[in-house]
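S.K.: Any chance you can model this:
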Amino acid sequence: MRIVWYEIRKIWNLRLVGMVVLFCALFFLALGVQDSLRMVRYPHPLGTQTQRAHDYLEAAPHDLREMLSQEYLDWQRQFFINGMASDCLYTFRDETMAALLLEANAFITQTPIFAAYDIYAIKSPMDRWEQAEAAGATAETHNLMFRALFGESSGFVGKRIENVQALGSNLRDFGESQTRVFMAGNLARANQRELDERQRQRLAEILENSEYTGTLHGSLFWGVTDLFRHVTVILLMASLILHSPLVTTDRVRNMHYLQYHTQLGRRVVVRQFWATLLSAIMLTTIVLVAVGAYLANVGAFAYLGEGITSHRIHFGTHSIAAGFTPITFGSYILVLAGLCYGFSIGAAAIGFILSRFSRNIISLTIKILPVFIAMAFLHGFLLPDRWSWFMVDRFTAPLTLWNHLYIRTGFAYLDVMIIVAFAGVAMLAAAVVSWRDKRVELL
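M.R.: Okay, the predicted model is just below:
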């Protein structure tokens, strides 16, 4: 154990630690981590229900029903298909709007809340607002009318009218040819929203059990998700730089020739392997303690017992957060912390292997760069930017129904399994290298 701690002190020399801090600071600025910190810092007092938060709470079950509506999704898809197949999109828009207005008027005629304000028919999508305003309807009444016309009871006729309005706006701004391109893209996105059975059952469970009534704020959840995404890539780089020079430095100093002359000396590489793993754990723990201190300072830990499926994380076409099973924010943070350890330990083990097969610092540096790029690509694949085009309708996050790997493969928690496999394979390869090294005979 004394040799292991001696090797750890060699890893954590001031010059190398200073270099790691410098590179991490540069990455901190380049990755925009400060934006994630600002999101986490956004005011989100526990239990405070602003008017906007109340509106989200009222809208959440309606949005869940919209997501669960196969009929509305099928109508959207057929609408885009029919539009692309039509000879004239302008005629298609007018005919579709006229048909939907007739359907909306039939619903309005049979709905008491409209009759109470003498609204029996509308001539345009805005006509309802104007008639209700003239009749002195309150803001609450406006909301009730809106949810009736845009909800499940009307067959989402208001939402369908919105689709036609969007078509009209595109025709006005971009012309018929470009609008057909937009409709093709919208069709592809609608196809991506098709729920599998597991997603459908989970959303129905959330709706039935009112799991959406939590108070976890969206800025906090998505800010923490982005923060850990940035922290993991910084840990990849820091762990690789910090641990890769260990064995190479001994080779530069010709220490390995002395080691191979004795049985104990040939075991030094094994000790260095254990020192590398312990050092990676130390590095990750220090970083996570700093992250935890920041989260505690901004009050994030007040939400540890809250479920991540909260109305304040916004249901609808953006940023849904729903686990495959009910999961608290605290458990979610622990899993993200575990992913940090996986990335860091895996990078340290790969750095150890590179160090073993590099004769000098220059050759080591040449090897580190492509390896880091490859690991950065792996990181970007497993924990991508939620603002990328593929995620625009359903923001991706680990452990959630709309995780991008689950959507693509149908395997839940695949990102977690790959990160665990990455760390395990890297450690196994490093262990084999260190075990073989102690059996080497000096020529």
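S.K.: Check the offset of whichever strand or helix holds Ile366 from the chain's centre.
M.R.: Under the criterion of DSSP states H and E, Ile366 resides in helix 361-382. Averaging C-alpha positions (Cα atoms, centre = their mean, to the nearest Å) puts helix 361-382 23 Å from its chain's average.
S.K.: which element follows it toward the C-terminus?
M.R.: helix 404-409.
S.K.: helices or strands up against that following helix?
M.R.: helix 414-437 (3 or more Cβ pairs under 8 Å, 6 or more residues apart in numbering; DSSP states H and E). Glycine gets a C-beta too; all of them are placed from N, C-alpha and C.
S.K.: mind listing what's buried in the helix it packs on?
M.R.: 414-416, 418-420, 422-423, 426-427, 430-431, 433-434, 437 (16 or more other Cβ atoms under 10 Å).
S.K.: what's next to that helix, contact-wise?
M.R.: Outside helix 414-437, the residues that touch it by Cβ atoms under 8 Å, 6 or more residues apart in numbering are 266, 269-270, 272-273, 276-277, 335, 339, 341-343, 345-347, 349-350, 352-353, 356, 378, 382-383, 398-399, 403, 405-406, 411.
S.K.: Return the subset of these lying in strands.
M.R.: Per DSSP state E, strands hold no members of the contacts of helix 414-437.
S.K.: of the buried residues of helix 414-437, the lowest pLDDT goes to which?
M.R.: Within the set of the buried residues of helix 414-437, pLDDT is lowest for Asp437 (67).
S.K.: Walk me through the domains of this structure.
M.R.: 2-48+215-437, 51-209 (automatic domain parsing).
S.K.: most tightly surrounded among those domains?
M.R.: domain 2-48+215-437 (a mean of 18; mean count of other Cβ atoms under 10 Å).
S.K.: what's Leu240 in contact with, if anything?
M.R.: Ala347, Ala348, Ile350, Gly351, Ile368, Val371, Phe372, Met375.
S.K.: mind redoing it with 6 Å?
M.R.: Ala347, Gly351, Phe372 (Cβ atoms under 6 Å, 6 or more residues apart in numbering).
S.K.: in a strand, that's where it is, yeah?
M.R.: No - assignment of Leu240 by DSSP: H, G, I helix; E, B strand; the rest coil gives helix, placing it outside any strand.
S.K.: Could you identify the most distant pair in the buried residues of helix 414-437?
M.R.: Farthest-apart pair in the buried residues of helix 414-437 is Leu414 and Asp437; separation 34.3 Å (Cβ to Cβ).
S.K.: pLDDT below threshold where in this structure?
M.R.: For the chain, the stretches with pLDDT under 70 are 1-3, 6, 43-52, 125, 247, 250-267, 314-319, 389-392, 437-443.
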